[in-house]
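K.L.:
Sequence and predicted model, in that order:
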Amino acid sequence: MHPATTPFLAVRELAQRLNDNDADFDAVLEMARSRQVVLLGEATHGTQDFYRMRAQITRRLIAEGGFDAVAIEGDWPDAWRVNRFVQHEDDADADAALGDFQRFPTWMWRNREMRDFIIWLRAHNAGLPPQERIGVYGLDLYSMYQSADAVIRYLEQVDPRQVAVARERYAALDHVREPQAYGYATAVGVRPDAREGVVAQLLQLRADSLQHLSQGGLGAIDAQFFAQQNAEVVVDAENYYRSMFGRRLNTWNLRDAHMYRTLSALAHYRVRRGGTGRVIVWAHNSHVGDARATESHLRGEWNLGQLVREAVGASALLVGFSTYTGHVSAASEWGGNVEHKWVRPALHDSYEHLFHSTGLDRFFLPLQGVASEPLREAMLERAIGVIYLPQTERESHYFWTSLPNQFDALFHLDETSAVEPLDAPQQWHRRESPEQAA
């Protein structure tokens, strides 16, 4: 195959049209055949199509590819409740299992597509022995207080003598029970920080792990891992919130490094309990794609996709998702209500506009090999998180990247729909139209 001479022709040559059936994912399943970790992205945190397609791919990776864990861009203790639901250990109702996702933005995981997926996974697990059941786990670090409480509850069950010591070590966190307020107070010296105590507690759990594991079989392994990862969350979250008000550390790097360490620990844990340790990740493109291909690299930032590639090389598959226009569930400010927003058509010098210009509408795009070379020259890519600010579209939502260096493959959908929150407020049902936005 001779390389195409322009990006337009490269897309036309490489793109595989989607037909809205399972065969749409045959190519990505083939690419994933020998990988240890598959990272599935999203261009927004509020697009129904991305959640639905990730679920379809994940079902096949589990059923046909031997993957046994799903790791999401969600908090560790919140996702653990979902894990217990899909493994038939807690909750009989999927809505209840998603009930611990109470922190903004709740719609990110409390939505219809996520509920449908965990119902499927629970049914899939019903016929498997406990050590082979697929798990769902969180990679994020925002749950500082919930995780500290979970460590205490664990010690109350397995080592009551250590409870008072743990409470004392975590005491410095407790003066406000609001992590950003804790971070500010410690950064400006109003309160002493808790770093020594939280690190000591993590080391204590590690040192006592064999003793705790001697108290049972698979259940003890699960409980010990849950507790130790909560202790890891407390250490990294304490550092993260304290660093928010300093200038020496990049909090983005702290967060993605935590995600990477959690992912690595999760793979080892799944092997230890009798599984394959092959993991599927659901996170935003900005975490999944290799940061070395983007302008964030010039700011000294790394991300999960880069760290995974550096660690395991070709054993990782990085898959992005993009859209040209449509609707998205997003807020207008941090902590604000979810809104049903119109996604403006992509800017002309973006990959999304290039994809739209081909007239192919919906397609899968492999990005490795000589045919993708014309796409390596940097273009803009759009990223919408939990906030969408169309009035500052270019500054708020676009960055420069080289797509074939960022991802191994990408799914593009010209027009997409908003993910529906389980607890959609009344205003969400009033969908913004292009006419209203004009």
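P.N.:
Received the coordinates, thanks. Predicted, not measured: the structure shown is a model, and the values here were computed from it. Residues are numbered from 1 along each chain as shown.

K.L.:
For the rest of this, base every contact and every neighbour count on C-alpha atoms.
P.N.:
Noted.

K.L.:
Ala207 versus the closest residue to Thr6 other than its chain neighbours, what's the distance?
P.N.:
Closest residue in space to Thr6, ignoring its immediate chain neighbours: Pro374 at 5.7 Å, by C-alpha to C-alpha, 6 or more residues apart in numbering. Separation of Pro374 from Ala207 (C-alpha to C-alpha, to the nearest Å): 53 Å.

K.L.:
and Gly138, bridged to which residues?
P.N.:
Under the criterion DSSP bridges, Gly138 forms beta bridges with Ile72.

K.L.:
so it touches Trp76, yeah?
P.N.:
Yes: counting by C-alpha atoms under 8 Å, Gly138 does reach Trp76; the two are 4.2 Å apart.

K.L.:
still on that earlier bit, out of Pro374 and Ala207, name the residue with the larger neighbour count.
P.N.:
Pro374 (18 against 11; other C-alpha atoms under 10 Å).

K.L.:
Confirm for me that the more buried one is in contact with Glu13.
P.N.:
No: counting by C-alpha under 8 Å, Glu13 is not a contact partner of Pro374; they are 11.4 Å apart.

K.L.:
mind checking how far the longest helix anywhere in the chain is from the chain centre?
P.N.:
The longest helix of the chain (DSSP state H) is helix 218-243. How far helix 218-243 lies from its chain's middle: 17 Å, per C-alpha atoms, centre = their mean, to the nearest Å.

K.L.:
packing partners for that helix?
P.N.:
Contact here means 3 or more C-alpha pairs under 8 Å, 6 or more residues apart in numbering; DSSP states H and E; on that basis helix 218-243 packs against helix 76-86, helix 144-158, helix 179-187, helix 195-207, helix 209-213, helix 251-272.

K.L.:
sec struct for the residue nearest to Thr6, please.
P.N.:
Using DSSP: H, G, I helix; E, B strand; the rest coil, the three-state assignment for Pro374 comes out as helix.

K.L.:
any idea how far it is from His348?
P.N.:
17 Å.

K.L.:
likewise Tyr154?
P.N.:
Noted for Tyr154: a distance of 54 Å to His348, by C-alpha to C-alpha.

K.L.:
Equivalent analysis for Glu377, please.
P.N.:
Taken as C-alpha to C-alpha, the span from Glu377 to His348 is 15 Å.

K.L.:
swap in Met31?
P.N.:
Distance from Met31 to His348, by C-alpha to C-alpha: 31 Å.

K.L.:
repeat for Thr262
P.N.:
Distance from Thr262 to His348, by C-alpha to C-alpha: 38 Å.

K.L.:
Looking at those two, which one has more neighbours?
P.N.:
Thr262 (21 against 13).

K.L.:
Check the more buried one and give its pLDDT.
P.N.:
As predicted, Thr262 sits at a pLDDT of 98.

K.L.:
do the same with His175
P.N.:
At His175, pLDDT is 61.

K.L.:
what's the answer for Met1, then?
P.N.:
pLDDT, Met1: 45.

K.L.:
what does the one 5 residues further on give?
P.N.:
The score at Thr6 is 95. That number is its pLDDT.

K.L.:
sorry, back to before: now the longest helix of the chain and helix 76-86, what's the angle there?
P.N.:
For helix 218-243 against helix 76-86, the angle by axes from the mean of the first three to the mean of the last three C-alpha atoms, to 10 degrees is 150 degrees.

K.L.:
Tell me the buried residues in stretch 307-322?
P.N.:
307-309, 316-322 (16 or more other C-alpha atoms under 10 Å).

K.L.:
Dump the residues you listed into CSV; add pLDDT as well.
P.N.:
Output for the buried residues of stretch 307-322, formatted as CSV (pLDDT from 0 to 100):
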residue, pLDDT
Leu307, 98
Val308, 98
Arg309, 98
Ala316, 98
Leu317, 98
Leu318, 98
Val319, 98
Gly320, 98
Phe321, 98
Ser322, 98
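
K.L.:
Okay, and which of those residues map to strands?
P.N.:
316-322 (DSSP state E).

K.L.:
So what would you say the end-to-end distance of stretch 392-411 is?
P.N.:
Stretch 392-411 has an end-to-end distance of 26 Å (criterion: C-alpha to C-alpha).

K.L.:
And the average pLDDT for that stretch is what?
P.N.:
98.

K.L.:
Run a quick neighbour tally on the residue nearest to Trp334 when sequence neighbours are not counted.
P.N.:
Closest residue to Trp334 apart from its sequence neighbours, by C-alpha to C-alpha, 6+ apart: Ile387 at 6.9 Å. Residues near Ile387, counting by other C-alpha under 10 Å, number 23.

K.L.:
Would you mind measuring from Ile387 to Ser396?
P.N.:
9 Å.

K.L.:
cool, and Phe364?
P.N.:
Relative to Ser396, and taking C-alpha to C-alpha, Phe364 is found at 27 Å.

K.L.:
which of the two has more neighbours?
P.N.:
Between Phe364 and Ser396, Phe364 has the larger neighbour count (other C-alpha under 10 Å), namely 21 against 15.

K.L.:
What mean pLDDT does the helix or strand that one falls within get?
P.N.:
Element membership for Phe364 (DSSP states H and E) is strand 362-366. Across strand 362-366, the average pLDDT comes to 98.

K.L.:
and if you look at stretch 58-73?
P.N.:
Stretch 58-73 shows a mean pLDDT of 97.

K.L.:
Other residues contacting it?
P.N.:
Outside stretch 58-73, the residues that touch it by C-alpha atoms under 8 Å, 6 or more residues apart in numbering are 29, 32-33, 79, 132-140, 263, 270, 275-284.
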